[in-house]
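Enquirer: how does the following fold in three dimensions:
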Amino acid sequence: MASSRTIKRREAAKEMLGMETKAIKPKRKRKPLTEEQKQVLRERMEKARKARGPSKNLSLHESIRDLPDDHPLSPKKVKGWLKEQKELLSGLGKQAGQDKDPKIRQLYWDTETYIFNLNKYLQDGLWLDHRYGSAKQNKIKMNCVKMAYYSDGTPKRTIGVYYPDIGAVYTQEMELDKYADGTREKVSNKKRVRKTNRASRKRS
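Expert: Model prediction:
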């Protein structure tokens, strides 16, 4: 905003050059709306919303567009988390620039990544993060949709993943029980024998 002295100088320079100066009209302040006027505006907006019909959420991916609000990863919830995380990132940005604490910087980068993943979910319908929630307090559980097997027919499993054939999440205890009978050790020994036989044939 130019000062009054600067404005006067500009006007004087225009007069010297023979240019017409238009008087600047002061902005008229709007009168505050009465409660009755506010109510009329509310009714108009409500009527316009009803005429427009329900929101189609075309900016959201079609796979998550119709998820109910009580779903763990509903768009409504994710948008709320996104707003909170952006506010947190805004506050961390100043701290990360001034504070040399590596934990603050790590939290800043972590929050930035989480915001990227939330936006990606709304756009593509794919959840890329291993956490979810307003403060990243919950963990995503992996679900096996197609089984994989070793050559002897033993299922391949990963700890922490839900498998439909056992109807449970595969745990560390199950992994230890699997190795207890020596089954997996025998398979690994077979592979070692095959490798050594191939190596000996090449040498001969």
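
Enquirer: for the rest of this, base every contact and every neighbour count on C-alpha atoms.
Expert: Noted.

Enquirer: show me what contacts the spatially most central residue of the chain?
Expert: Nearest to the mean C-alpha position of the chain, by CA atoms, centre = their mean, lies Leu118 at 1.2 Å. Contact analysis of Leu118 by CA atoms under 8 Å, 6 or more residues apart in numbering lists Val78, Leu82, Trp127.

Enquirer: now Arg65
Expert: Counted by CA under 8 Å, 6+ apart, Arg65 has contacts Asn57, Leu58, Pro75.

Enquirer: so the last one makes contact with Glu62?
Expert: No - using CA atoms under 8 Å, Pro75 makes no contact with Glu62, being 11.2 Å away.

Enquirer: so which of the contacts of Leu118 sit within helices?
Expert: When DSSP state H is applied, these are split such that Val78, Leu82 fall in helices.

Enquirer: closest to Thr6 among the contacts of Leu118?
Expert: Of all these, Thr6 sits closest to Leu82, with 45.0 Å by CA to CA.

Enquirer: now that closest one: how far from Tyr114?
Expert: 9 Å (CA to CA, to the nearest Å).

Enquirer: can you check Ser134 too?
Expert: Ser134 is 10 Å from Tyr114, by CA to CA.

Enquirer: who has more neighbours out of these two?
Expert: Taking neighbours as other CA atoms under 10 Å, Ser134 and Tyr114 compare with Tyr114 leading, 22 against 16.

Enquirer: where's the more buried one, which helix or strand?
Expert: helix 102-124 (DSSP states H and E).

Enquirer: one more: Glu15?
Expert: helix 4-16.

Enquirer: gap between that helix and the chain center?
Expert: Between the centre of helix 4-16 and the centre of its chain there are 53 Å (CA atoms, centre = their mean, to the nearest Å).

Enquirer: over to stretch 100-109?
Expert: 19 Å.

Enquirer: tell me which residues of that stretch are tucked away?
Expert: Using 16 or more other CA atoms under 10 Å as the test for burial, stretch 100-109 gives Ile104, Arg105, Tyr108, Trp109.

Enquirer: neighbour count winner among Pro75 and Glu62?
Expert: Pro75 (23 against 14).
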